[in-house]
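Peer 1: What follows is a predicted protein model with its sequence.
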Amino acid sequence: MKLYLLVNSQDNRVLGCSTTSPFIQNNVEIEVEDGHDVLDHPLNYVFVDGEIILDEVYRQQQIEAEELLKNKPKPEREIADMWYAIMTGSVKNA
């Protein structure tokens, strides 16, 4: 499948991709297999020597950031826990 990439000229990170030619200059045309991961996660890739390469370090950082957000207590829960601590003078579930 033909794919057009928007590539950051400073660090070669793929900023976006499209299966149709965009109206911007400096896009890069490449061939990838159907369903390639770059279609869903373009920022995980860099464009080097005419190829896209998965940036494992960046990808792992994104996975860890998503996990932190997923596991972070909802604001309502944090407020309820703080209110409980204020009202009882203790910390719940500590």
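Peer 2: Noted; the coordinates are in hand. Residues are numbered from 1 along each chain as shown.
Peer 1: which SS state does residue 35 fall under?
Peer 2: Of the three states, residue 35 takes coil according to DSSP: H, G, I helix; E, B strand; the rest coil.
Peer 1: Got the phi and psi for it?
Peer 2: Main-chain torsions, residue 35, degrees, to the nearest 10: phi 80, psi 10.
Peer 1: The one 3 residues further on too?
Peer 2: Reported as degrees, to the nearest 10, the phi and psi values for residue 38 are phi -60, psi -30.
Peer 1: which parts of stretch 12-27 are buried?
Peer 2: Residues of stretch 12-27 classed as buried: 12, 13, 14, 17, 27 (neighbour count, 16 or more other Cβ atoms under 10 Å). From N, CA and C alone the C-beta is placed, and that goes for glycine too.
Peer 1: Narrow those to those in strands?
Peer 2: 14, 17 (DSSP state E).
Peer 1: For residue 75, state which of the buried residues of stretch 12-27 is nearest.
Peer 2: residue 13 (32.0 Å; Cβ to Cβ).
Peer 1: list the contacts for that closest one?
Peer 2: For residue 13, the contacting residues are 7, 43, 45, 46, 47, 55, 58, by Cβ atoms under 8 Å, 6 or more residues apart in numbering.
Peer 1: so what's the third one bridging to?
Peer 2: Okay, so that is residue 45. Beta-bridge partners recorded for residue 45 (DSSP bridges): residue 54.
Peer 1: wait, isn't it in contact with residue 12?
Peer 2: No: using Cβ atoms under 8 Å, residue 45 is not in contact with residue 12, being 9.2 Å away.
Peer 1: Tabulate the buried residues of stretch 12-27 in TSV, adding columns for pLDDT and distance to residue 81.
Peer 2: Formatted as TSV, those follow (pLDDT from 0 to 100; distance: Cβ to Cβ, whole Å):
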residue	pLDDT	distance to residue 81
12	94	45
13	96	39
14	95	41
17	91	43
27	83	49
